[in-house]
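Asks: For reference, the sequence and a predicted model appear below.
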Amino acid sequence: SQKIEQNSEALNIQEGKTATLTCNYTNYSPAYLQWYRQDPGRGPVFLLLIRENEKEKRKERLKVTFDTTLKQSLFHITASQPADSATYLCAPTTHTGGFKTIFGAGTRLFVKA
Amino acid sequence: KAGVTQTPRYLIKTRGQQVTLSCSPISGHRSVSWYQQTPGQGLQFLFEYFSETQRNKGNFPGRFSGRQFSNSRSEMNVSTLELGDSALYLCASSLGIQGSGNTIYFGEGSWLTVV
């Protein structure tokens, strides 16, 4: 069956370090994959989109990689700050009886000052 | 420009009742999708509407329904509410249908509690 796996355990890192979050998917062939940030009680906010023919995408302190062979996307936040503390959601868009965007359960990131 | 607007933000209903949630997409966006978010299940896709037509739906019972109006505004309805329907219901809009590469923008959600 189709599955998206993100680290279910929270990730705790020190301010200034690089946070790396993992998204693995099985039985999917995403046309593209998006990363979102969600704060408690709020709707998810779009961060980055990477297409299947792209290996890497950057935006300011954020970097996303997409390895369709490994069926994995990595999300990096460099020079992390306490304000980066949030839940990060991986969302591949796939074509299974019509395109739809499926969300992973998310990884909670805590950045300590 | 204004973001995705959802109403009401919070509501409490009794088992067996029905509820209607409303969503106004970003101006110019024609696709509206609905998601249910619970602590245990994460974000679950309910359905997507584009130009007043349901394009796709997730694995939810028929008690969950929706519609989209000519101005792209959308409503979702849940009938015969169950305790397990308590969740954050999120509406998302995008320029084109899912799969077209357009970013999905979410509203702040409607918190539904069923007692």
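Replies: Good, I have the coordinates. Residues are numbered from 1 along each chain as shown, chains lettered A, B, ... in the order given.

Asks: Going by C-alpha atoms from here, please, whenever you check contacts or count neighbours.
Replies: Fine.

Asks: measure B:Thr80 to B:Pro39 for me?
Replies: 22 Å (Cα to Cα, to the nearest Å).

Asks: does A:Gln38 really touch A:Cys90, like I thought?
Replies: No. Using Cα atoms under 8 Å as the test, A:Gln38 is too far from A:Cys90 to be in contact (10.9 Å).

Asks: These two: who's more crowded?
Replies: Regarding A:Gln38 and A:Cys90, a neighbour count based on other Cα atoms under 10 Å in any protein chain shown identifies A:Cys90 as having more, with 28 against 18.

Asks: Who has more neighbours out of B:Thr80 and B:Pro39?
Replies: Per other Cα under 10 Å, whichever of B:Thr80 and B:Pro39 has more neighbours is B:Thr80, with 13 against 9.

Asks: In contact with B:Val78, which residues?
Replies: B:Gln18, B:Val19, B:Thr20, B:Arg63, B:Phe64, B:Ser65 (Cα atoms under 8 Å, 6 or more residues apart in numbering or on different chains).

Asks: just B:Phe47 next, same as before
Replies: Contacts for B:Phe47 were tallied using Cα under 8 Å, 6+ apart; they are B:Ser33, B:Trp34, B:Tyr35, B:Gln54, B:Arg55, B:Asn56, B:Lys57, B:Gly58, B:Gly66.

Asks: B:Val115 now?
Replies: If you count contacts by Cα under 8 Å, 6+ apart, B:Val115 has them with B:Ile12, B:Lys13, B:Thr14, B:Arg15, B:Leu83.

Asks: Counting neighbours, what do you get for A:Ala83?
Replies: The number of residues near A:Ala83, taken as other Cα under 10 Å, comes to 11.

Asks: Helix or strand: which one has the residue nearest to it when sequence neighbours are not counted?
Replies: In space, A:Ala83 comes closest to A:Val111 once its chain neighbours are excluded; the distance is 7.6 Å by Cα to Cα, 6 or more residues apart in numbering or on different chains. Element membership of A:Val111, judged by DSSP states H and E, is strand A:107-112.
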